[in-house]
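**Student:** Below: sequence and its predicted model.
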Amino acid sequence: MYRRVLTAGVALAAVVGAAVASTVAPASAAPAPPTAARVSAAPAAQALAAPNVPVADVQAHLTQFQTIATQNGGNRRAGSAGYTASVAYVKAKLQAVGYTVTEQVCTDCTYRSNNLIAEWPGGPADQVVMFGAHLDGVSAGPGINDNASGSSALLENALILARQNPTMTKRVRFGWWTDEEQGLNGSDFYVRSLTAAQRGYIKGYYNFDMVGSVNGGYFINRITSTTAAPLKAYWDSLNIQPEENVEGQGRSDDYSFQQAGIPTSGYAAGASARKTSAQATKWGGTSGSAYDPCYHRSCDTTANVSATVLDRSADGIAYAIWQLATGSATNDFSVAVSPASGTVQRGASTTATVSTATTSGAAQTVGLTAAGAPAGVTVSFSPSSVTSGGSATMTVSASASAAPGTYTVTVTGAGSGGISRSASYALTIPGSGGCTGGQVIGNGGFESGSAPWTATSGVITNDADQPARTGSYKAWLAGYGSTRTDTLSQSVSIPAGCTSYTLSFWLHIDTAETTTSTAYDRLVVQVGSTTLATYSNLNAAAGYTQRSFNVAAYAGQTVTIKFTGTEDASLQTSFVLDDVALQAS
């Protein structure tokens, strides 16, 4: 995994061939692939069974990559003899079973070297599912978890696909990328070399970077997206309870495809971030320790890989390939509600959009219902049923007798294929006294441009060096390592008559300061002229932490919520904000 994202404007390379669609099989140590009985609310129509991917066979590839590194100066860095030998090993395996294999020279990579593209000859050329992993490592060590693990899981899946040779409804393409560690250069070169039409052929790109971390977690890129559905379905069938890959956002090759408008997802098991106690409870391992303690170090050898995590990753890839590309995918769909919450005064109503999407197989009729609304509240849909891929308007109406409170309304879509999918809607009914309630902050996730925020230039950004907590954008104050003042503010009108007023935001602080006693850089949080809190380089910690404050004293007033980040002349401290909310209820 690349440490920080760099962007470089470089010349357009030669056009590379058409796109492919794929799905892969589960590993031996993991339980059997999901069946109608095992996947929650799985459909009666069963997909073609995905094959098992024996973890021992994946580990055999890891051993070969270790040997290659040992024989070539101890590493497989892009452009090195170790990398060239790695390409030759993968290429020989693929050509032996019938793949069309192309080496693409990355002419503007930091280390001139080759991407390896392999396409299975089946399925329509304009309906491609692509699976990729970076093949290079860093110069510090053999790069076995990072990223022989993803490369090996893909290689074994590709070999199994060739041996079983199923009927293909989509084309499957595999990519092994060079120069990822220097800034995602190989995959970026590949994507830029495609024509607009060829990019459009790729219906999904799936990335696998560090899928065997020894203290690993189970992370999925864009976990709630339609593209991620088959990856999540397999891990859900094992009751793994995967999480969003926050650490990896913008830091691996899926970013190159995402920037070109291609839907992306993928698996990861974690890099240098530390496992939380909650994650250790549900996944095992050591809380407070890095997912990969040998990340970018010489100890990243075959001993630095969890067979269990690797097995589950390889099997999930297989399940996705078979679901997406082998011609008998289960008919499935998803349901989402936007916005996901709303406030309705008694005697009034509000609306939201219920969207559905076909996640695999063919479209089907989906009937919509709602449960969980309190007495005096009705929920209706127009239309009451849609074809998956369509949407409906949900109307929530509250009578004068509706009981005040906050409720979870479950919106359920019942498919004609026998399965159901659900989404939640948070409903608030304000009490007496005229409370209008709801979310007061506008654009709290910074995803809708800058308005209504007023901010110093560059504060609201999607710069991948500091990943957002959710979505792509966040507010990044300071972080320059020089004298600097950044501000972020919004004027809000806080309604009167409510019983609860909570200002909250998620804050990540990292710093290059080495002191444990002096606050050189600060973030000040204010409501009006009142300072609610001050944070500094002394509060630096991994990940985001939610901060909450009672602002009931400002009910009925229009005030300015303001964040001010100040930095001294040296050693950066970054104050990164996301998901700001002021909830009145």
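**Tutor:** Yes, it's here.

**Student:** Tell me where the stretch 251-400 of the chain has strands.
**Tutor:** Using DSSP state E, counting those that start in this stretch, the strands found in the stretch 251-400 of the chain span residues 264-268, 332-338, 341-343, 349-360, 365-371, 377-382, 385-387, 391-398.

**Student:** which of these sits most buried?
**Tutor:** Of all the strands of the stretch 251-400 of the chain, strand 264-268 carries the top mean neighbour count, a mean of 28, counting by mean count of other Cβ atoms under 10 Å. Where you see a C-beta, it was placed from the backbone N, CA and C, and this is true even at glycine.

**Student:** What strands line up against it, and which way round?
**Tutor:** Applying DSSP bridges, strand 264-268 is found paired with strand 202-208 (parallel), strand 219-220 (antiparallel).

**Student:** quick one, which of those strands is nearest to residue 175?
**Tutor:** Residue 175 sits nearest to strand 202-208 of all the strands paired with strand 264-268, at 8.5 Å, using Cβ to Cβ.

**Student:** Identify all contacting residues around the closest one.
**Tutor:** 19-22, 127-133, 147, 149-150, 153-154, 170, 173, 221, 227, 231, 252-254, 257, 262-268, 313, 317, 320, 324 (Cβ atoms under 8 Å, 6 or more residues apart in numbering).

**Student:** let's see 7 Å
**Tutor:** 19, 21, 127-133, 150, 153-154, 221, 227, 252-254, 257, 262-267, 313, 317, 320 (Cβ atoms under 7 Å, 6 or more residues apart in numbering).

**Student:** Out of the strands paired with strand 264-268, which is closest to residue 558?
**Tutor:** When these are compared by Cβ to Cβ, strand 219-220 sits nearest residue 558, at 41.8 Å.

**Student:** Tell me the first helix or strand C-terminal of the closest one.
**Tutor:** helix 229-237 (DSSP states H and E).

**Student:** Can you name the next helix or strand after that following helix?
**Tutor:** For helix 229-237, the following helix or strand on the C-terminal side (DSSP H and E) is strand 243-244.

**Student:** average model confidence for that following strand?
**Tutor:** Mean pLDDT, computed over strand 243-244, is 96.

**Student:** Just checking: what are the partner strands of that strand?
**Tutor:** By DSSP bridges, strand 243-244 pairs with strand 219-220 (parallel).

**Student:** Tell me where the stretch 101-250 of the chain has helices.
**Tutor:** In the stretch 101-250 of the chain, the helices defined using DSSP state H, counting those that start in this stretch lie at 149-164, 185-193, 196-201, 229-237.

**Student:** can you pull the contacts of residue 386?
**Tutor:** Residue 386 touches 356, 366, 392, counting by Cβ under 7 Å, 6+ apart.

**Student:** so who does the second one touch?
**Tutor:** What it means is residue 366. Residues near residue 366 by Cβ under 7 Å, 6+ apart: 333, 356, 385, 386, 388, 413, 414, 415.

**Student:** where's the first one relative to residue 388, distance?
**Tutor:** Spelled out, that is residue 333. According to Cβ to Cβ, to the nearest Å, residue 333 and residue 388 sit 4 Å apart.

**Student:** Burial check on residue 254, number of neighbours?
**Tutor:** As a burial measure, residue 254 scores 29 neighbours (other Cβ atoms under 10 Å).

**Student:** Please look at it and residue 221 and confirm they touch.
**Tutor:** Yes - the pair residue 254 / residue 221 is scored as a contact, 5.7 Å apart, by Cβ atoms under 7 Å.

**Student:** and for these two, which residues touch both?
**Tutor:** 207, 264, 266.

**Student:** ok, so of those residues, who is nearest residue 236?
**Tutor:** Nearest to residue 236 among these, with distances taken as Cβ to Cβ, is residue 266, at 16.2 Å.

**Student:** mind checking how far that closest one is from residue 317?
**Tutor:** Residue 266 sits 9 Å away from residue 317, going by Cβ to Cβ.

**Student:** Over to residue 136?
**Tutor:** 20 Å.

**Student:** go on, residue 126?
**Tutor:** With Cβ to Cβ as the criterion, residue 126 and residue 317 are 23 Å apart.

**Student:** quick one, which of these two is more surrounded?
**Tutor:** Neighbour count, other Cβ under 10 Å: between residue 126 and residue 317, residue 317 has more, with 34 against 16.

**Student:** Put together TSV for the strands paired with strand 264-268, with mean pLDDT and mean neighbour count on each row.
**Tutor:** Listed next are the strands paired with strand 264-268 as TSV, based on pLDDT from 0 to 100; neighbours: other Cβ atoms under 10 Å:
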stretch	mean pLDDT	mean neighbour count
strand 202-208	97	27
strand 219-220	98	24
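
**Student:** Indicate which one of these is closest to residue 273.
**Tutor:** Each of these has some distance to residue 273 by Cβ to Cβ; the shortest is strand 219-220, at 9.8 Å.

**Student:** mind listing what the worst-scoring helix or strand of the chain on mean pLDDT pairs with, with the direction of each?
**Tutor:** Lowest on mean pLDDT, DSSP states H and E among the helices and strands of the chain sits strand 438-439, with a mean of 84. Paired neighbours of strand 438-439 in the sheet (DSSP bridges): strand 573-584 (antiparallel).
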